[in-house]
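Novice: Give me a 3D structure for the following:
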Amino acid sequence: MGKIGVLLATGAAVSGAVVGFAGPAAASDYNRTVNICNYSNERVQVAKISDQAGGMVSEGWYSYENGECSTLTGRFMRIKSADGSTWTFSGTYTTQFCVASKAFTIYSPNSESACDTYGGTMATFSSVPAGSGTHKINLRP
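Specialist: All right, here's what the predicted structure looks like:
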């Protein structure tokens, strides 16, 4: 059974099948920039939900080796380790979106029927804290 960590925010190429429809990508006021640093002593993977011109898009998995830092932009994120541990953002809410076991891009990821069509599963994502600037997240065991 994995542990659940809480992230305290202070202010990898992905490819795969595509499901649903969306127009050209455009930045959204709801998307947030997050600098993720992995100090968990194990590899972690991140999936993100971003708002684009045609709607929400789910993308993953972005891998972070122990000691690695990188920046992602999104509205919601799912952060997990190989042992099943997950992290959530402190003081935010969670909701369900579609993910796949391998690299993916899914349009309309909050649609269970789109998820079924792709062969994905619904998983819990945490909203990225609101605010301007880049949030810094340090993942720890």
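Novice: switch to C-alpha atoms for all contacts and neighbour counts from now on
Specialist: Noted.
Novice: lowest confidence element among the helices and strands of this structure?
Specialist: Here the helix or strand of the chain ranked lowest by mean pLDDT, DSSP states H and E is strand 4-7, holding a mean of 40.
Novice: Could I get the full set of strands for the chain?
Specialist: Assigned by DSSP state E, the strands in the chain fall at 4-7, 32-38, 44-52, 55-64, 69-74, 76-81, 86-89, 94-99, 104-107, 121-127, 134-139.
Novice: Excluding chain neighbours, what is closest to residue 75?
Specialist: Distances taken as C-alpha to C-alpha, 6 or more residues apart in numbering put residue 31 closest to residue 75, at 4.5 Å, once the chain neighbours are dropped.
Novice: Give the burial count for that neighbour, as a bare number.
Specialist: 20 (other C-alpha atoms under 10 Å).
Novice: Would you mind measuring from residue 132 to residue 51?
Specialist: Remark: distance between residue 132 and residue 51 (C-alpha to C-alpha, to the nearest Å) = 16 Å.
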